[in-house]
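Novice: model the following, please.
(4 chains)
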Number of protein chains: 4
Amino acid sequence: MIKVGIVGGTGYTGVELLRLLAQHPQVELCSITSRGDAGVSVATMFPTLRGRVGLSFVDPKAADLQACDVVFFATPNGIAMDQARTLLKAGVRVIDLAADFRIKDHLEWEKWYGMRHAAPELITEAVYGLPEANRELIKEARLVANPGCYPTAVQLGFLPLVESGLVDTDRLIADAKSGVSGAGRKAEVHTLFSETSDSFKAYGVSGHRHLPEIRQGLSIAAGKAVGLTFVPHLVPMIRGIHATLYARVTREADFQALYEERYKTEPFVDVLPFASHPDTRSVRAGNMCRIALHRPQAGDTLVVLAVIDNLVKGAAGQAVQNMNIMFGFNECAGLTQIPVLP
Amino acid sequence: MIKVGIVGGTGYTGVELLRLLAQHPQVELCSITSRGDAGVSVATMFPTLRGRVGLSFVDPKAADLQACDVVFFATPNGIAMDQARTLLKAGVRVIDLAADFRIKDHLEWEKWYGMRHAAPELITEAVYGLPEANRELIKEARLVANPGCYPTAVQLGFLPLVESGLVDTDRLIADAKSGVSGAGRKAEVHTLFSETSDSFKAYGVSGHRHLPEIRQGLSIAAGKAVGLTFVPHLVPMIRGIHATLYARVTREADFQALYEERYKTEPFVDVLPFASHPDTRSVRAGNMCRIALHRPQAGDTLVVLAVIDNLVKGAAGQAVQNMNIMFGFNECAGLTQIPVLP
Amino acid sequence: MIKVGIVGGTGYTGVELLRLLAQHPQVELCSITSRGDAGVSVATMFPTLRGRVGLSFVDPKAADLQACDVVFFATPNGIAMDQARTLLKAGVRVIDLAADFRIKDHLEWEKWYGMRHAAPELITEAVYGLPEANRELIKEARLVANPGCYPTAVQLGFLPLVESGLVDTDRLIADAKSGVSGAGRKAEVHTLFSETSDSFKAYGVSGHRHLPEIRQGLSIAAGKAVGLTFVPHLVPMIRGIHATLYARVTREADFQALYEERYKTEPFVDVLPFASHPDTRSVRAGNMCRIALHRPQAGDTLVVLAVIDNLVKGAAGQAVQNMNIMFGFNECAGLTQIPVLP
Amino acid sequence: MIKVGIVGGTGYTGVELLRLLAQHPQVELCSITSRGDAGVSVATMFPTLRGRVGLSFVDPKAADLQACDVVFFATPNGIAMDQARTLLKAGVRVIDLAADFRIKDHLEWEKWYGMRHAAPELITEAVYGLPEANRELIKEARLVANPGCYPTAVQLGFLPLVESGLVDTDRLIADAKSGVSGAGRKAEVHTLFSETSDSFKAYGVSGHRHLPEIRQGLSIAAGKAVGLTFVPHLVPMIRGIHATLYARVTREADFQALYEERYKTEPFVDVLPFASHPDTRSVRAGNMCRIALHRPQAGDTLVVLAVIDNLVKGAAGQAVQNMNIMFGFNECAGLTQIPVLP
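Specialist: I've put the predicted structure just below:
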């Protein structure tokens, strides 16, 4: 049993962390903070947790996070970078579900996130927490930058291709679609039910913060800078990301075998039979990423479909997976829930 | 470990049974039948079960159900009454998720279900599987009639009142709302997405099959015939039942205390603080029923709100709960998943 | 052609007014105000109006509303009561879509709305704009209090019964369900897509602001105080109200004929064949109220189903209907759009 | 006034035709056929039309379609090709909303649609009814092949580019998303609410019937064969198509000006300001196509976003637009409804 703390538990990644950690056999939930809701019992705010989580939110200043073995930051961007140093010094390991430590080039980060980075030296130390790419580094990490939701789906979908050098990496296209929970639990007009239901749109086409994160990951995998057009869309559903990826084949290979081989030992990547169509509900509330390949009209364009639950494999589930790796637990501990269908 | 079979596993109660049983620590899934889809692997039809359920659907004739300890019928009405006798003779216990054995008056049953009953003598033996009312009988039952979804929510909401004789039982009103999955996975126009989304309606106001079932249960609890107006509605959501119940108080009492006392040892009934508003998502994918009481304007009308997930506490979850009781397992075994929010 | 102004046009009733008025043959849209969005073109905020509405939002102070023949207030509660007096003095007629002038007892109003009323004398003058009850008064009115959405559906559903004295008016029950647009276009957590989609709940059971408004209208119709239990619910759909009404019959009559007779000349009330089930989409984007009667099990409880589009007959459409009556136009002018299905 | 008949009016394109034609100032609806529902009044099946359409469905054999000036086929594929010849001989003009006459190469058609074509000579005569490409031909046409929904959105989005020769037409990509009503009103499991709600998926990636139709239209516009990867997706919404189009720029130009110029006189194509994000609801229930251009990171990939309502500009509305052109009416007659938001 390890002691776990959560900073900022009132958003969707926070409550999802609570759902997963409350069912984790080796975790003792010790502290969960909230500036705005200190004193409120967690189960009052989230009745799903009645009888399962007895904690109340505590003010960040009053929380004894240093007594934890690991602290998750489920906060807006810019919080973890202020607080991680102190925790790390106290021997606490940190997993940041926000973006503070994802981009290695801190000037690039500052450009996209519009603030000064408070701890550039920690960016260097931080391990990018995509287990399928960085498992060995995660084991030893003190500080893990948990990937974004789009980046998880797009990277897992493209990785075998860009690692293998079989496609034109100058013009990758990622047409990605996300459920509305990806926008968080903030009070905003544009994510109201009446604004998003029964409608569909693209957003951030000219530039989205997940673009540099994806480009960084794929460039590392390719061994050179990749070119990527990334177009996110908003789907009238709560959870789920569907990435539709396009790449031009430059050298032929058995792509289905390539993917199956690449992911054969991965517990949370499921390569479907060739020409399948995974739906996002096939991973709803589960930590799985399902991938399928297509070769329309046998042309030179390869189409990859990748689905995840943005709150699980795209956030809280992957964070727990990272925690499992960091503490030497079974990587699947607490993550074996079967997705919910229908 | 017990051996479990499922007859008719391609509907929503079937796949929900599979989700729950595949995660149950004391169950070995042995056989699942389907006339139309024999030979198809379960995980091909329901990709959520990939890597978790290795079975294929088998033709009912080829299935060795008699080797099972218990068989669930997740079939349309009228199937279990034909097949239960043989299984019971072979020493197999049976849990019917359809309506075949729910109504004790078989003429009443035949009127509402429009067919001749094939095994009236089994109706007599069958135990109505509402654990909160019949736990002791369920323990010994060979044949359990698993309650309908509306009847579960409405009975759990009304039980303390009618048992106590504190309200006018001649004019109970149950205004109930269900998600679309309650209509099953049949190809029908009226449950198409484009017919049900972004709309709301009542149906079956003049008479719904769940009316006699609810009336029977409440009459037993009241010790006399009750009068009930039952109006079901269709909500554009997948899962969930919300029952809004109205009763006229004839004798004052501390109703909140009455409910808390009545359900204090029940693992799957959660009485919320007075004047709460449970939403159906607070039980989504979980086996819980949450109940709240209101007394608008301190008048003589008591309003009870009760929510369940129609596929879990309203079907498959309650069936597993009954199985746990029948076989002496921990009643919560395999049913501890925290509901999924958002 | 009359000159029309709108105060507060950035909410859902505002944009719906714009949709209807822009298609009205006798209306010239002159001015639309917004404090927060002055200077923004209407069609930029609401692209549906591109090419149809050329106005920009103007600051309330800069708006020449006194040059209008009629001004609609599509504002939060408490705005119209401050501004109506000046407009009326200038000879401008006023239709308030908020609640400022709906409740005749201003102390009652102040209790429910939590503020001091700024113009109690105007409450006396104001005509409650339910054309089916007050058409003659509306013709001459300078100031119309446009009814709330729930009150429109519930009153139209109950009116024939309470007017006729055929039911017990001490214990009327209105179990009402609304789409999320009824909560407006404010940035709030509880109406986010991820909070309301795929879920259902009651709210305000202990007391909702529409209760006194409905009670007032029904009491006038009954000629005595009525008793009403009103339970509103939130449906995961954008538009629509479904009122399920329960009344105990105290004197027998041909209720279907009663309703057909009562509404036979009403252009916007449609009495369906006995035992029909209107869905809210049957009135989506139209100004119609559809009503159906049921008599379950031929008992003494009458069930009335009434549906409207909360933004049309429940707000902007009814306001335009009132304007038509006030200015002697064809009552249906600008309101003949066929509802949108699917 | 012209006399209009509809063959097959019980599907979504049929009821949408009825909505539009019942509000058209120059149309007399004379006859509407249905094999399965002959005798049923239209307003009973579609209550939105109560008081607006007095017709009943008639058996195709009993319908006097030859007395009409124009007949719409809102039927499954393969019906119009059997019946058009007789009507044309009788001097009736025909608009087919199905696919029978869309593909000029009848062998290609037979391959994709899996049946023998019954009237190849009419394919030659038929005019492809995309007004923005073929307005002059439509004026004189006896037989119009109304375009498919995806093809309308994708062609309108790509036309200026492929006509101008400024992009690489060997590798166009159309990532398209459709609401569920595009699948029609047939009873099928895969379009049930519980199968499609709160989920998202691609389908037909390996080959979809709209691919050859789009390719044909774009190839004509380009003056040479184009290469296209077309990936359709299913969105949990009722109406709407969103096409996200990718093309590699081979020659620089002012693309925004190109689009504005190309469509400046088109009443139903609206080019938004550069870098806009049209949502599908901005055209809900209207006949408009809205288009926006993006140039992510100023690279050589141009992204075009195009939205339509699949049942209006993608089906019934475009059919009425074609009728207006054929009969010399104002092209916008009956099509001026402002889209419904929210």
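Novice: so does the helix ranked longest in chain A get close to chain C?
Specialist: Looking across chain A with DSSP state H, the single longest helix is helix A:149-164. No. Helix A:149-164 lies out of reach of chain C by CB under 8 Å from any CB of the partner chain, never closer than 13.6 Å. (Each C-beta comes from the backbone N, C-alpha and C, glycine too.)
Novice: list the helices and strands that helix packs on?
Specialist: helix A:131-140, strand A:172-178, helix A:210-222, strand A:228-234, strand A:241-248, helix A:255-262, strand A:289-294, strand A:301-308 (3 or more CB pairs under 8 Å, 6 or more residues apart in numbering or on different chains; DSSP states H and E).
Novice: can you list contacts of the first one?
Specialist: Identification of contacts with helix A:131-140 by CB atoms under 8 Å, 6 or more residues apart in numbering or on different chains yields A:127-129, A:144, A:155-156, A:159, A:217, A:220-221, A:263, A:266, A:268-269, A:318, A:321-322, A:325-326, A:328, A:331.
Novice: CA-only coordinates of it, as CSV, when you get a sec.
Specialist: In CSV, the C-alpha atoms belonging to helix A:131-140 read as follows (Å, rounded to 0.1, in the frame of the first residue of the first chain):
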residue,chain,number,x,y,z
PRO,A,131,4.4,3.8,-21.3
GLU,A,132,4.4,2.3,-24.7
ALA,A,133,7.3,4.6,-25.6
ASN,A,134,9.1,5.2,-22.3
ARG,A,135,8.4,2.4,-19.9
GLU,A,136,11.9,1.9,-18.7
LEU,A,137,12.4,5.6,-17.9
ILE,A,138,9.1,5.8,-16.1
LYS,A,139,10.2,3.1,-13.7
GLU,A,140,12.8,5.3,-12.3
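Novice: verify the contact between residue A:169 and residue A:221 for me.
Specialist: No. Using CB atoms under 8 Å, residue A:169 makes no contact with residue A:221, being 9.3 Å away.
Novice: more crowded one of these two?
Specialist: More crowded of residue A:169 and residue A:221, by other CB atoms under 10 Å in any protein chain shown: residue A:169, with 23 against 19.
Novice: number of residues surrounding residue A:332?
Specialist: 13.
Novice: which residues touch it?
Specialist: A:267, A:268, A:324.
Novice: then residue A:255?
Specialist: So residue A:255 contacts A:160, A:161, A:166, A:249, A:293, A:295, A:302 (CB under 8 Å, 6+ apart).
Novice: and it, how far from chain C?
Specialist: Computed as CB to the nearest CB, to the nearest Å, the residue A:255 to chain C distance reads 36 Å.
Novice: one more: residue A:338?
Specialist: 19 Å.
Novice: neighbours of that residue, how many?
Specialist: Residue A:338 - counted by other CB under 10 Å - has 22 other residues nearby.
Novice: circling back to that earlier point, mean pLDDT for the helices and strands packed on helix A:149-164 - can I get that in a markdown table?
Specialist: What follows is those, written out as a markdown table (pLDDT from 0 to 100):
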| stretch | mean pLDDT |
| --- | --- |
| helix A:131-140 | 98 |
| strand A:172-178 | 98 |
| helix A:210-222 | 98 |
| strand A:228-234 | 98 |
| strand A:241-248 | 98 |
| helix A:255-262 | 98 |
| strand A:289-294 | 98 |
| strand A:301-308 | 98 |
